[in-house]
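# Quick one, fold the following:
(one chain, ligands or ions: 3)
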Amino acid sequence: MSKSIPVTDGTNVIYTIELKKDFGDLCKELIRLKISPDQKLCIVTDSNVAPLYAKEVQDQLSAVFSNVFLHIFPAGEASKNTDTVGALYQFLIENHFDRRDILLALGGGVVGDLTGFTAATYLRGIDFIQIPTTLLSQVDSSIGGKTGIDFMQYKNMVGAFYQPKLVYMNLSVLHSLPGKQIVSGMGEIIKHGLIKDASYFEWLIAHEKEIWALDPEILEEMIYISCNIKRDVVERDPKEQGERALLNFGHTIGHAIEKLSDFSLYHGECVGLGIVAASYLSMQLGHISKEDFEKIQNALSLFELPTQMDGFNAEKVLSATKSDKKMVGNQVKFILLKEIGNAYIYRELTDEQILDGIRYVCRS
Ligand SMILES: NC(=O)c1ccc[n+]([C@@H]2O[C@H](COP(=O)([O-])OP(=O)(O)OC[C@H]3O[C@@H](n4cnc5c(N)ncnc54)[C@H](O)[C@@H]3O)[C@@H](O)[C@H]2O)c1
Ligand SMILES: O=C(O)C(=O)C[C@@H](O)[C@H](O)[C@H](O)COP(=O)(O)O
Ligand SMILES: [Zn+2]
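Numbers count the residues shown, from 1 in each chain. Ligands and ions are numbered 1, 2, ... in the order given. Modelled structure (predicted):
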């Protein structure tokens, strides 16, 4: 099993997404990128991933590259902040990393977003490579060059568009993921079907059992399709001037819930709740039928994503939604569905309408 997806800037390939069954081709890929044995490499990872995979990756790399460093920070969204970036800058400075040297993000979306942001800003930009190890990061966060950190608990408030030189994914690492993280990844995957590809959405429902069983062929096909959906969008609109905003379906309210949960709910779970609210509003506006709305909720439930949540005050969720960075003037930029597989940007929702959507999912 091996698949390669090129990502272009419209003309030239800027990096490839490699789907592999192990870490065995990593050095070969770095050599293909003309990274030389004397360039320093720093594997950046978190405290959960390090004991599982850091040694294997470090050993592979050390066979070819003479200076391979390892930097580990505490796992979790709470680490996606300026302190962790500062500690990484310090590590790079103390180990004399210069402009030719390279960071490798080995982990989930937190590691990828944070390492990418550090790479974008250290010495005004050094190269970095994504080695995503969660389902969510393989299908979504490692692709497209959105890097960043949270600030004052606001999601991804500080960041940069900065593209990796390579995305190398070893699909076998998904077997060590806790079930909840598979669930979280499914939030973004269902999003892909809902915004771009109705037949993919149906395929996900039809393959529920194989997905839960982590059937290697079905997993590979699913990751391949999702990567292609995301690749197509980010190629056409790398800096979110238009179409890329569709990838934010479920995030407008989802990010607000994530923040208000103090990050106790996972990103994909919050996206799932946001998808229900946005789909509810799409139904209220007469775009999707009640049957489709129920089908969306059932699909989320099939993959154990919550569709309603107790303990959230709807007004507070609205206020957090309006302080997210997706405001244009006083209007929230909302992503809604015209139909399953076809999303659009809508800026005309009133606070009352948004509250209606929030109240459907959030029960205080
Ligand atoms: N840049 C983007 O385009 C983009 C897209 C989607 C999400 N995100 C961001 O990504 C983050 C969520 O990513 P995530 O869900 O990967 O979270 P995460 O990085 O926190 O990983 C989830 C958990 O799984 C653990 N883990 C990682 N790989 C493992 C493995 N193979 N085996 C066992 N445990 C493993 C991690 O240590 C962590 O505890 C959020 O911060 C979100 O905002 C960014
Ligand atoms: O790549 C994108 O664009 C996305 O919106 C993908 C989202 O899944 C992701 O969570 C992203 O980080 C959200 O971006 P933000 O700009 O709303 O913070
Ligand atoms: Zn997301």
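# Now do stretch 226-241, average pLDDT.
Averaging pLDDT along stretch 226-241 gives 97.
# close to ligand 1, is it?
No: remark: stretch 226-241 sits outside contact range of ligand 1, by CB under 6 Å from any ligand atom, the gap being at least 8.2 Å. All C-beta atoms are positioned from the backbone trio N, CA, C, and that covers glycine.
# what does that stretch contact?
By CB atoms under 8 Å, 6 or more residues apart in numbering, the residues outside stretch 226-241 that reach it are 5, 7-10, 17, 19, 138-140, 143-145, 161, 163, 188-189, 192, 196-197, 200, 243-244, 246-247.
# Which ones, among these, also lie beside ligand 2?
With CB under 6 Å from any ligand atom as the criterion, the contacts of stretch 226-241 include 140, 144, 188, 244, 247 near ligand 2.
# Could you list which of the contacts of stretch 226-241 belong to helices?
188-189, 192, 196, 200 (DSSP state H).
# Closest one of the residues you listed to ligand 2?
The closest of those to ligand 2 turns out to be E188 (CB to the nearest ligand atom; 5.4 Å).
# What's the local residue count around the closest one?
Residues near E188, counting by other CB atoms under 10 Å, number 27.
# Grab the nearest non-local neighbour of it.
Among residues not flanking E188 along the chain, D140 sits closest, at 4.4 Å (CB to CB, 6 or more residues apart in numbering).
# returning to what we had before: name only those of the contacts of stretch 226-241 that count as buried.
5, 7, 17, 19, 138-140, 143-145, 163, 188-189, 192, 196-197, 200, 243-244, 246-247 (16 or more other CB atoms under 10 Å).
# Out of the ones next to ligand 2 among the contacts of stretch 226-241, flag the one nearest to ligand 2.
Ligand 2 lies nearest to L247 out of those, by CB to the nearest ligand atom, at 3.7 Å.
# show me what contacts the closest one?
140, 144, 191, 195, 230, 233-234.
# how near is it to P178?
25 Å (CB to CB, to the nearest Å).
# Mind pulling up the pLDDT for V332?
The model reports V332 with a pLDDT of 87.
# now swap in M327 and tell me
pLDDT at M327 comes out at 74.
# Tell me, how many residues neighbour the closest residue to it other than its chain neighbours?
Distances taken as CB to CB, 6+ apart put K333 closest to M327, at 7.2 Å, once the chain neighbours are dropped. By the criterion of other CB under 10 Å, K333 has 16 neighbours.
# just E291 next, same as before
Other residues near E291 come to 9 when the count uses other CB under 10 Å.
# Assumed it was part of a helix.
Yes: assigned with DSSP: H, G, I helix; E, B strand; the rest coil, E291 falls within a helix.
# Quick one: name the residues of the stretch 151-300 of the chain near ligand 2.
155-156, 188, 240, 244, 247-248, 251.
# try 8 Å this time
Within the stretch 151-300 of the chain, the positions lying close to ligand 2 (CB under 8 Å from any ligand atom) are 155-156, 159, 188, 191, 230, 233-234, 240, 244-245, 247-248, 251, 255, 267, 271.
# Restricted to strands, list those.
155-156, 159 (DSSP state E).
# who wins for neighbours among these?
Within those, most neighbours by other CB under 10 Å means K155, with 23 neighbours.
# Next one: that one from I43, what distance?
Going from K155 to I43 by CB to CB gives 26 Å.
# okay but K21 is in contact with N170, surely?
Yes: between K21 and N170 a contact is recorded at 7.0 Å, counting by CB atoms under 8 Å.
# neighbour count winner among the two?
N170 (23 against 14).
# Show me what that one bridges to in the sheet.
Beta-bridge partners for N170, by DSSP bridges, are K20.
# tell me the contacts of it?
The contact partners of N170, by CB under 8 Å, 6+ apart, come to 20-23, 131, 133.
# Where do the helices of the stretch 51-200 of the chain begin and end?
55-62, 82-94, 109-121, 135-136, 179-196, 198-206 (DSSP state H, counting those that start in this stretch).
# hey, where'd the helices end up in the stretch 201-350 of the chain?
Going by DSSP H, counting those that start in this stretch, the stretch 201-350 of the chain shows helices at 208-212, 216-236, 251-260, 267-284, 290-302, 314-322.
# Distance to L61 added to those, as a markdown table?
What follows is those, written out as a markdown table (distance: least, CB to CB, whole Å):
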| stretch | distance to L61 |
| --- | --- |
| helix 208-212 | 32 |
| helix 216-236 | 24 |
| helix 251-260 | 34 |
| helix 267-284 | 29 |
| helix 290-302 | 39 |
| helix 314-322 | 42 |
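# And these: which comes nearest V361?
Closest to V361 of these, according to CB to CB: helix 267-284, at 4.9 Å.
# and that closest one, anywhere near ligand 1?
Yes: if you take CB under 8 Å from any ligand atom as the test, helix 267-284 does meet ligand 1, through 267-268.
# returning to what we had before: now render the helices of the stretch 51-200 of the chain as CSV, adding mean pLDDT and distance to H287.
Below are the helices of the stretch 51-200 of the chain laid out as CSV (pLDDT from 0 to 100; distance: least, CB to CB, whole Å):
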stretch, mean pLDDT, distance to H287
helix 55-62, 98, 46
helix 82-94, 98, 41
helix 109-121, 98, 30
helix 135-136, 98, 27
helix 179-196, 98, 12
helix 198-206, 98, 14
